[in-house]
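Q: how does the following fold in three dimensions:
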Amino acid sequence: MISGKLSDSDFLAAQRLHRRRSSRGVTVASLIVAAAGAVVLLAADRAAGLALLTVAVCGLPGEGAQNYLLLPWQARRLYRQCAAFRQTFRYFWDEDHLADASDDGNSRSISRPTPVRTRRPHPISSGVVRRRARGDFAV
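A: Model prediction:
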């Protein structure tokens with residue numbers, strides 16, 4: 001059995017973990033745009049290169065502000081608004097079931113093996129192509 005209470009710092013850490021992939025993507029994209037802007041600035045068009053560099057230079061501080069200013073404020077506000085985050089939760093399991101419980105209620109799920117997916121029949125062997133050729137089948 002596992003039980004505990006979610007603190008505001010735990011909730012903020014979970015939000016940062018959830019956002020980590022998109023944050024890394026924005027940072028990498030800003031660095032790529034900056035490199036492209038530098039190449040364009042040196043090789044071809046000064047205006048386009050400056051525009052790309054400006055986008056990249058503004059994107060990186062914006063991402064930092066999102067991660068270190070806006071996200072903590074939003075997470076604290078959401079944690080204060082939702083009383084369910086502050087309740088004690090419990091998870092327990094056995095060979096056949098997984099269950100959780102809190103002050104609001106509980107749930108129990110049956111552990112079943114994943115169903116085997118069956119393949120759909122091939123369109124030619126199922127007659128779809130023949131029906132389309134005759135005009136019996138709407139696309």
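
Q: what number of residues lie near the closest residue to Ala101 other than its chain neighbours?
A: Using C-beta to C-beta, 6 or more residues apart in numbering and skipping the chain neighbours, the partner closest in space to Ala101 is Arg90 (4.7 Å). Bear in mind the C-beta positions are built from the backbone N, C-alpha and C, glycine included. Look at Arg90: counted by other C-beta atoms under 10 Å, it has 13 neighbours.

Q: state the distance from Arg90 to Gly4.
A: To Gly4, Arg90 is 8 Å away according to C-beta to C-beta, to the nearest Å.

Q: ok, Ser22 next?
A: Counting by C-beta to C-beta, the gap from Ser22 to Gly4 is 27 Å.

Q: confidence score at Val39?
A: Note on Val39: pLDDT of 89.

Q: circling back: what's near enough to touch the residue nearest to Ala101?
A: By C-beta atoms under 8 Å, 6 or more residues apart in numbering, the contact set of Arg90 is Met1, Ile2, Ser3, Asp100, Ala101, Ser102.

Q: quick one, phi psi at it?
A: Reported as degrees, to the nearest 10, the phi and psi values for Arg90 are phi -140, psi 140.
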